Structure formats: C-alpha cells, structure tokens
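J.: starting from these lines, generate the structure:
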Amino acid sequence: MTKVKLPPKVAAALDKVREKHRDIDYIAWKIPQEDCIYTEADRILYDYARKASFIDLVNALQYGYEACDPKEAKIAEIIRSLPNMTPEEIAALIVREVIDRAEA
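T.: Sure, this is the predicted structure:
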C-alpha cells in the first residue's frame, strides 16, 4: 500500500502524537475516544476521524503518510461533503469557489 495523503494540519498532528506515543495500536485506539482529548493534536485527529476518515488515519499509522498539497486537501474535503449536499448546495459551493478565486 502507498503512503496515505493527509491534510498538512492532520499530518502535523499525527507527528506530534507519534512523538509522544510509539505504540500505533494505542494511537489508533485513542483517536476516536472523545474522553482522550488532551492536546490540540488530539482534537485535530479526533475531528478528522469523525468528519473525514478514521480508516485513513489507521492506514497512515500502518503504511506511512505524507502531507498533501493544501489545495488537494481542500478538494478532498469538498468531495467528501458532496454526498450530503443537495444539487443546489453543490452549485452554490462551486459558485462561491469561482468568486473567491476571481477576487484573489
């Protein structure tokens, strides 16, 4: 399996947690435990597991990971949210992105 691409903030949080805890089984167990959030890194991983993909974090621990380009992370975030959006919400999101880019 190839390395998992994680948003830069998530990869940095995983680095911090791995510095403190070497046992990846413990880290994988700890991530979804709301009562085990002691640091900002713990919060970032917990939120990512709930809103994005817990399995990606487990795979990252097993197979390695790297921070992806922030634009790539934004695209992945949008794609993950699409199944929960109506066609009107998707259209509005696209229009907002186009306007934001035109103004930048």
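J.: run the chain-centre distance for stretch 43-58.
T.: 6 Å (Cα atoms, centre = their mean, to the nearest Å).
J.: please name the residues that touch Leu6.
T.: Neighbouring residues of Leu6 by Cβ atoms under 8 Å, 6 or more residues apart in numbering: 14, 48, 56-57, 60, 65-68, 73. Using the backbone N, CA and C atoms, a C-beta is placed for each residue, glycine as well.
J.: apply 10 Å and report the result again.
T.: Neighbouring residues of Leu6 by Cβ atoms under 10 Å, 6 or more residues apart in numbering: 12-14, 45, 48, 52-53, 56-57, 59-60, 65-68, 73, 76.
J.: which residues in this protein form strands?
T.: Ranges of strands in the chain, per DSSP state E, are 4-6, 65-67.
J.: please parse this protein into its domains.
T.: As given by automatic domain parsing, the domain ranges for the chain are 4-67, 70-103.
J.: now the buried members of the contacts of Leu6.
T.: Buried by 16 or more other Cβ atoms under 10 Å: 13-14, 45, 48, 52-53, 56-57, 59-60, 65, 67-68, 73, 76, out of the contacts of Leu6.
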